[in-house]
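A.B. asks: A predicted structure for the sequence below; I have some questions about it.
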Amino acid sequence: MILWILLLLLILVVFGFGFTMQALWWVAAVLLVLWIAGLAMRGRGWRTRSPGT
């Protein structure tokens, strides 16, 4: 009986870890897109400044 409970706990931990990793991949993808957009916007603003300022 204890082995079944340990097996169930192991399955729940592995499932939870897999779900967490999937969620973290989505968060990482969104942050990457925001970072690239921020670099593009900052890059455009930097080029429009006059030299020497």
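C.D. replies: Received it, and whenever you're ready, just let me know what you need. Residues are numbered from 1 along each chain as shown.

A.B. asks: and the residue nearest to the spatial centre of the chain, what helix or strand is that in?
C.D. replies: The residue lying closest to the centre of the chain (Cα atoms, centre = their mean) is Ala28, at 1.9 Å. Using DSSP states H and E, Ala28 maps to helix 2-47.

A.B. asks: for that helix, what is the distance to the chain centroid?
C.D. replies: 4 Å (Cα atoms, centre = their mean, to the nearest Å).

A.B. asks: residue numbering should commence at 31 henceforth.
C.D. replies: OK, 31 is where the count begins now, so the last one is helix 32-77.

A.B. asks: average pLDDT for it?
C.D. replies: Helix 32-77 carries an average pLDDT of 86.

A.B. asks: gap between the residue nearest to the centre of the chain and Gly46?
C.D. replies: Ala58 sits at a distance of 18 Å from Gly46 (criterion: Cβ to Cβ, to the nearest Å). Backbone N, C-alpha and C define where each C-beta goes, glycine included.

A.B. asks: ok so, going back, Gly68 versus the residue nearest to the centre of the chain, what's the distance?
C.D. replies: 15 Å.

A.B. asks: cool, and Phe47?
C.D. replies: Distance from Phe47 to Gly68, by Cβ to Cβ: 31 Å.

A.B. asks: do Leu62 as well
C.D. replies: In terms of Cβ to Cβ, Leu62 sits 11 Å off from Gly68.

A.B. asks: repeat for Gly46
C.D. replies: 32 Å.

A.B. asks: likewise for Leu40?
C.D. replies: In terms of Cβ to Cβ, Leu40 sits 42 Å off from Gly68.

A.B. asks: do Leu37 as well
C.D. replies: In terms of Cβ to Cβ, Leu37 sits 46 Å off from Gly68.

A.B. asks: then Phe45?
C.D. replies: From Phe45 to Gly68 the distance is 35 Å (Cβ to Cβ).

A.B. asks: Phe49 - how many residues pack around it?
C.D. replies: 10 (other Cβ atoms under 10 Å).

A.B. asks: Phe47 too?
C.D. replies: 10.

A.B. asks: and Leu42, by the same measure?
C.D. replies: 10.

A.B. asks: same check on Val43?
C.D. replies: For Val43, using other Cβ under 10 Å, the count is 10.

A.B. asks: kind regards, and thank you for your time.
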